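Enquirer: give me a model of this one.
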Amino acid sequence: MILADKIIDLRKKNGWSQEELAEQLGVSRQSISKWESAQSVPDMNRILAMSRVFGVTTDYLLKDELEPEQEAKPAQDSFPEDSALRRVEMEEANAYLEARALASKRVALGVMFCILSPIALIILSAAQEAGRLAMTEAQASGIGLVVLLLFVGAALPLFITSSIRLGKFDDLTEEPLDTAYGVDGMVKERKEQYAPTHTRRLVLGIMLCVLAVIPVFVMLILGGEDNDLAMVSSVGVLLALVAVGVYLIVRTGYIQGGFDVLLEQGEYSRFSKSENKKNELIGGVYWALALVIYLAWSFITMEWHRTWIVWPIAGVGYGVVIAVLRMIRSKN
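Expert: Numbering: from 1, shown residues only. The predicted structure is shown next:
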């Protein structure tokens, strides 16, 4: 069976007219008519769109030797309602990538400010206890808390403005996409061009996070455990290095994520989108609980130099929770 006959067969099986199929594929009815009469052949982007709409593989559409009874099952990462594809034109794709690049700077800077925020508090408190500052404990803590709140206060507008700017593109990360001709090629080209920068930033960011503990180890080797101020200062250096490392990781991750969204790859594949929809409620409760634990532990103990460990632990724990949920769903 040739492609033209397969299009007719699949369209009729779904009970669609040529106009209805054309609307879903973003083409004219005349195009559908020409394809079905074998007067023209759809380009690869339309073939991909048809495979999504019909729920068949591209192999089935392109290989004449495959008959209906040999039709492959729909890919497991497809949405059950593939008929509702989100159309993405070239102009919108470029606008989204630009918005994502701008948001990467703002979000990464906001995260860095949050990590840097407790440094002044822990160093001033240690300096006051060591008698290096002519102020009371309350004054040292007060100044440290003011600095902490200023950093957090500076981070919040960055998060909020980024969220607002990207808000109009939320459906790109949630719905199955149908990209216009040339969009996939443009995104792939830009992703390839950015690949060296992504690798460089990611590697450097991870290295900074790993090597950040060196100042603490150096102080221990030099006998700094007897000098509280020196030890706390080394923790401050640790947080500063982690902040820079996380900035690089978050920024490049945001930019790379923009390419993956439009190409429906990685965590933005159709399967992942479907899973994310199922995990929205659980994720909201989980991270809200992590925030409560972090703030409660931090303000009760005032050991901000230790409580930051909540976030990497929570990140690993969330991955485990999601993996367990997927396993349970697959068994069911």
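
Enquirer: who's in contact with the residue lying closest to Leu48 once chain neighbours are set aside?
Expert: Spatial nearest neighbour of Leu48, chain neighbours left out: Thr58 (6.4 Å); criterion: C-beta to C-beta, 6 or more residues apart in numbering. For every residue, glycine as well, the C-beta is placed using N, CA and C. The contact partners of Thr58, by C-beta atoms under 8 Å, 6 or more residues apart in numbering, come to 47-48, 51.

Enquirer: can you tell me which of these are buried?
Expert: By neighbour count, with 16 or more other C-beta atoms under 10 Å, the contacts of Thr58 hold 48, 51 as buried.

Enquirer: what's the closest of the contacts of Thr58 to Ala138?
Expert: Using C-beta to C-beta, Leu48 comes nearest to Ala138 of the contacts of Thr58, at 65.1 Å.

Enquirer: name the element that closest one belongs to?
Expert: Element membership for Leu48, per DSSP states H and E: helix 44-54.

Enquirer: got it, and Leu220?
Expert: Per DSSP H and E: helix 214-221 holds Leu220.

Enquirer: tell me how far the worst-scoring helix or strand of the chain on mean pLDDT is from the chain's mean position?
Expert: In the chain, the helix or strand scored least confidently by mean pLDDT, DSSP states H and E is helix 304-307, which has a mean of 74. Relative to the centre of its chain, helix 304-307 is centred 26 Å away, using C-alpha atoms, centre = their mean, to the nearest Å.

Enquirer: what about the closest residue to Lys105 other than its chain neighbours, neighbour count?
Expert: Using C-beta to C-beta, 6+ apart and skipping residues adjacent in sequence, the residue nearest Lys105 is Arg251, 6.4 Å away. Neighbour count of Arg251, defined by other C-beta atoms under 10 Å: 24.

Enquirer: can you check the pLDDT for Arg251?
Expert: With respect to pLDDT, Arg251 has a value of 94.

Enquirer: repeat for Met231
Expert: You'll see Met231 listed with a pLDDT of 83.

Enquirer: give me the element it is part of.
Expert: Element membership for Met231, per DSSP H and E: helix 228-263.

Enquirer: other SSEs contacting that helix?
Expert: helix 90-116, helix 119-129, helix 170-174, helix 183-211, helix 214-221, helix 304-307 (3 or more C-beta pairs under 8 Å, 6 or more residues apart in numbering; DSSP states H and E).

Enquirer: residues near Glu303, how many?
Expert: Close neighbours of Glu303, defined as other C-beta under 10 Å, add up to 13.

Enquirer: what's the answer for Gly284, then?
Expert: Applying other C-beta under 10 Å, we find 10 residues neighbouring Gly284.

Enquirer: helix, strand or coil for Gly22?
Expert: Actually, residue 22 is Ala rather than Gly. helix (DSSP: H, G, I helix; E, B strand; the rest coil).

Enquirer: that one reaches Arg29, doesn't it?
Expert: Yes: between Ala22 and Arg29 a contact is recorded at 4.7 Å, counting by C-beta atoms under 8 Å.

Enquirer: got the CA positions of stretch 283-301 in CSV?
Expert: Backbone C-alpha positions of stretch 283-301 (Å, rounded to 0.1, in the frame of the first residue of the first chain) are rendered in CSV as follows:
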residue,chain,number,x,y,z
GLY,A,283,5.4,17.8,43.1
GLY,A,284,3.7,20.8,44.5
VAL,A,285,3.2,19.2,47.9
TYR,A,286,6.7,17.7,47.9
TRP,A,287,8.5,21.0,47.3
ALA,A,288,6.2,23.0,49.6
LEU,A,289,7.1,20.5,52.4
ALA,A,290,10.9,20.8,51.5
LEU,A,291,10.6,24.6,51.8
VAL,A,292,8.8,24.4,55.2
ILE,A,293,11.6,22.0,56.5
TYR,A,294,14.3,24.3,55.2
LEU,A,295,12.9,27.5,56.7
ALA,A,296,11.9,25.8,60.0
TRP,A,297,15.3,24.2,60.5
SER,A,298,17.2,27.4,59.5
PHE,A,299,15.3,29.8,61.7
ILE,A,300,15.2,27.5,64.7
THR,A,301,18.9,26.6,64.6
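
Enquirer: who touches that stretch?
Expert: Contacts of stretch 283-301 (C-beta under 8 Å, 6+ apart): 118, 303-304, 307, 310-311, 314, 318, 321.

Enquirer: over to stretch 126-142?
Expert: Stretch 126-142 is contacted from outside by 121, 124-125, 143, 227-229, 231-233, 302, using C-beta under 8 Å, 6+ apart.

Enquirer: go again with 7 Å.
Expert: For stretch 126-142, contacts defined as C-beta atoms under 7 Å, 6 or more residues apart in numbering pick out 121, 124-125, 228-229, 232.
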